[in-house]
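Peer 1: got a predicted structure here, sequence first:
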Amino acid sequence: MSGLRGAAMTIDPIEKEIKELQEENSRLKMLSEVDGLTGLYNRVAGERIINDKLRKNAGGNFMVIDVDGFKRINDRYGHLFGDDVLRGLAELMRDIFRTENLVGRFGGDEFVVFTTEKWDSRKAMEKGKELIRRMEEMGRKMGVEDRFSATIGMASYQDKDTYSSMFSRADYALLEGKKSGKSTVYLYRERQKELPPPETAENKGAEDTGIDRDMELIWMELREKDRPQGAYCQDYETFKRLYRFVERGLMRAPSSAYTILLTLVDDNKAYVTLQDKEHLMISLGKTIKASLRSGDVYTQYSSCQYLLMVMGTSLENAWKVVERVRSNFTGDAQEYSVYIGSNIRPLQSAGRGLSHMEDTSIKSGCSDGRDN
């Protein structure tokens with residue numbers, strides 16, 4: 001008997017440890033699925049759950065909810081107050097949409113709701129309008145001077161829908177809602193009824209096969225959602241593909257584009273020391289992004305070099321780009337006694353032999369005005 005009791009005593013701690021591990025795993029899984037600020041589902045978990053429901057043809061409605069003018073709230077009242085507002089909004093959404101529907105925070109002030117097939121589009125829209133009305137009440141109670149509201153884009157389930165297709169339609173409806181004056185619930189299907197597909201040379205006189213809708217969804221997915229700020233940073237392989245794409249374009253439509261190589265060097269025109277290089281390259285990258293136009297592209301070519309491609313510009317303006325980068329980088333350049341060496345070369349149309357490039361290299365220089 002004593003032996004059996006001893007065996008039981010040795011098993012109990014193991015069982016306890018297993019139970020604790022299971023509880024810890026459950027806790028970690030939950031933390032990985034929720035947004036830390038609001039406790040709602042995060043983007044990764046929300047997308048997975050919605051796709052699971054759609055694979056079962058569960059139906060439902062997809063809402064994208066964007067808080068109107070939230071940046072103004074943060075700027076005026078501070079980020080801590082802004083966090084309180086988002087937490088309060090999350091509580092409102094839980095109360096309105098209940099547990100049978102998925103509610104998630106997928107971005108700073110962007111929320112997503114997926115209602116089950118038990119709710120038709122009319123009920124979902126009514127709940128969306130209720131949310132907007134109660135947001136206004138909440139804003140007044142919290143002391144928000146301007147109207148606290150949201151714009152909601154909504155899409156109803158269609159056969160073979162996925163998370164991406166429903167999100168694209170709802171997001172497009174959101175943009176249309178903002179154009180119409182914000183603080184509204186805008187249903188994508190209503191827009192389709194009001195605006196027939198545009199007639200083009202390809203679809204003129206043809207029956208609607210759903211291809212127009214596919215094209216619209218593709219168009220919405222490809223477009224950048226926000227207005228781009230500064231130059232377009234890419235890895236080197238992508239930069240190379242973009243370069244060759246521009247080369248091909250020059251075969252049909254002559255234009256002017258230049259590549260610029262910027263190199264960090266010290267007083268002796270040698271590469272910068274390792275201990276300073278990482279900080280300086282990060283700083284230079286930010287300077288380049290802010291100094292170039294949104295239609296320009298750049299990449300980090302080496303540990304101390306950036307490669308730029310500036311579009312639709314002259315050689316004179318390409319040099320102005322170099323000088324603008326140098327001017328904006330003056331603080332770090334003086335502190336670390338470094339210069340920005342430069343070299344400029346024009347792009348040529350694809351297919352021209354290397355022999356044509358012999359005389360196209362343009363002199364390089366350092367930031368103190370001395371030529372290399």
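Peer 2: Looks like it came in fine. Owing to the predicted nature of the structure, the values given are computational and were not obtained by experimental measurement. Numbering: from 1, shown residues only.

Peer 1: secondary structure element for N74?
Peer 2: Assigned by DSSP states H and E, N74 falls within helix 70-77.

Peer 1: so what secondary structure elements neighbour that helix?
Peer 2: Judged by 3 or more CB pairs under 8 Å, 6 or more residues apart in numbering; DSSP states H and E, helix 70-77 is in contact with helix 79-97. No exception for glycine: its C-beta is placed from N, CA and C like everyone else's.

Peer 1: which residues does L292 contact?
Peer 2: G230, A231, Y298, L308, V310, V321 (CB atoms under 8 Å, 6 or more residues apart in numbering).

Peer 1: figure out how far the host helix or strand of L262 is from the centre of its chain.
Peer 2: Following DSSP H and E, one finds L262 within strand 257-265. Strand 257-265 has its C-alpha centroid displaced from the chain centroid by 28 Å (CA atoms, centre = their mean, to the nearest Å).

Peer 1: stretch 167-174 too?
Peer 2: Counting by CA atoms, centre = their mean, stretch 167-174 comes out at 15 Å from the chain centroid.

Peer 1: so where's the stretch 251-372 of the chain uncertain?
Peer 2: Applying pLDDT under 70 to the stretch 251-372 of the chain flags the ranges 274, 352-372.

Peer 1: please redo it, this time with the cut-off set to 90
Peer 2: 251-256, 264-281, 293-295, 303-304, 312-313, 330-339, 341, 348-372 (pLDDT under 90).

Peer 1: now the strands: where do they sit in it?
Peer 2: Using DSSP state E, counting those that start in this stretch, the strands found in the stretch 251-372 of the chain span residues 257-265, 297-302, 305-311, 339-346, 362-365.

Peer 1: can I get these in a markdown table including mean neighbour count and distance to M93?
Peer 2: Output for the strands of the stretch 251-372 of the chain, formatted as a markdown table (neighbours: other CB atoms under 10 Å; distance: least, CB to CB, whole Å):
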| stretch | mean neighbour count | distance to M93 |
| --- | --- | --- |
| strand 257-265 | 21 | 48 |
| strand 297-302 | 19 | 40 |
| strand 305-311 | 21 | 44 |
| strand 339-346 | 19 | 50 |
| strand 362-365 | 16 | 58 |
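
Peer 1: and the ones you listed: which comes nearest R94?
Peer 2: Among the strands of the stretch 251-372 of the chain, the nearest to R94 by CB to CB is strand 297-302 (43.8 Å).

Peer 1: run me through the strand neighbours of the closest one, direction for each.
Peer 2: With DSSP bridges as the test, strand 297-302 is paired with strand 232-233 (parallel), strand 305-311 (antiparallel).

Peer 1: JSON lines for these, including distance to G128?
Peer 2: Listed next are the strands paired with strand 297-302 as JSON lines, based on distance: least, CB to CB, whole Å:
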{"stretch": "strand 232-233", "distance to G128": "36"}
{"stretch": "strand 305-311", "distance to G128": "42"}
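
Peer 1: out of those strands, flag the one nearest L222.
Peer 2: strand 232-233 (14.7 Å).

Peer 1: which residues sit against the closest one?
Peer 2: G285, K289, S294, G295, D296, V297, Y298, T299.

Peer 1: and which of these is nearest to E136?
Peer 2: S294 (35.7 Å).

Peer 1: surely F148 is in contact with M135?
Peer 2: Yes: between F148 and M135 there is a contact under CB atoms under 8 Å: 5.3 Å.

Peer 1: how about M93: what's its closest non-neighbour residue?
Peer 2: Once flanking residues are discounted, M93 sits nearest to V103: 4.9 Å by CB to CB, 6 or more residues apart in numbering.

Peer 1: just give me the closest of the contacts of strand 232-233 to V64.
Peer 2: Looking across the contacts of strand 232-233 and measuring by CB to CB, the closest to V64 is S294, at 24.8 Å.

Peer 1: measure that closest one to M281 for me?
Peer 2: S294 is 22 Å from M281, where distance means CB to CB, to the nearest Å.

Peer 1: more neighbours: those two, which one.
Peer 2: Taking other CB atoms under 10 Å, S294 and M281 do not tie; M281 has more neighbours (18 against 13).

Peer 1: where along this structure do the helices fall?
Peer 2: For the chain, applying DSSP state H gives helices covering 2-33, 43-55, 70-77, 79-97, 121-142, 163-179, 188-194, 211-222, 236-252, 274-291, 315-328, 330-336.

Peer 1: quick one: the ones you listed as JSON lines, columns for distance to I152 too.
Peer 2: Putting those into JSON lines (distance: least, CB to CB, whole Å) gives the following:
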{"stretch": "helix 2-33", "distance to I152": "24"}
{"stretch": "helix 43-55", "distance to I152": "16"}
{"stretch": "helix 70-77", "distance to I152": "14"}
{"stretch": "helix 79-97", "distance to I152": "11"}
{"stretch": "helix 121-142", "distance to I152": "5"}
{"stretch": "helix 163-179", "distance to I152": "7"}
{"stretch": "helix 188-194", "distance to I152": "11"}
{"stretch": "helix 211-222", "distance to I152": "17"}
{"stretch": "helix 236-252", "distance to I152": "35"}
{"stretch": "helix 274-291", "distance to I152": "33"}
{"stretch": "helix 315-328", "distance to I152": "41"}
{"stretch": "helix 330-336", "distance to I152": "45"}
